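A.B. asks: okay, sequence plus prediction incoming.
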Amino acid sequence: MSTRLEATSVETHLSAEQLGHLHRLLQDEQAMQQARALELEDAPDLEPDLAEALLVRCQEALEEVEAALRLFDQGLYGLCAGCGAAIRFERLEAVPAARHCVSCQADRDRDMR
């Protein structure tokens, strides 16, 4: 069953309930990463190199979440950036900022080795 996103004419394979749940997960992740970044910017108990590395990873995660939220607003959330296929709800629930389906992600991971 396809559902139309409110702001666009793009159809999605996700129900309105699933979309709402995933949007909340993304917002929660965004808030968590923002709070974590603030903590890491002033982390006197960590070695500076470690704090910097953790901050970089936190900022990367925040960028991924913000990109997913932009796709959400454009009505393109949940579509694989590699093949264009629908990303299964279960994958999105586990990794809300996922940009690739399992198959394309496996190919990307294999290519990075």
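C.D. replies: Structure received. Quick caveat, the model's predicted, so the values are computed rather than measured.

A.B. asks: run a quick neighbour tally on residue 39.
C.D. replies: Residue neighbour count, defined by other CB atoms under 10 Å, stands at 14 for residue 39. For glycine as for every other residue, the C-beta is placed from the backbone atoms N, C-alpha and C.

A.B. asks: mind pulling up the pLDDT for it?
C.D. replies: Looking at residue 39, its pLDDT is 91.

A.B. asks: which other helices and strands contact the helix or strand containing it?
C.D. replies: Residue 39 belongs to helix 16-41 when assigned by DSSP states H and E. Applying 3 or more CB pairs under 8 Å, 6 or more residues apart in numbering; DSSP states H and E, one finds that helix 16-41 makes contact with helix 48-74, helix 89-94.

A.B. asks: these into a markdown table, with extra columns for distance to residue 34 and mean neighbour count?
C.D. replies: Converted to a markdown table, the helices and strands packed on helix 16-41 look like this (distance: least, CB to CB, whole Å; neighbours: other CB atoms under 10 Å):
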| stretch | distance to residue 34 | mean neighbour count |
| --- | --- | --- |
| helix 48-74 | 7 | 15 |
| helix 89-94 | 21 | 14 |
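
A.B. asks: I appreciate the help and will end here.
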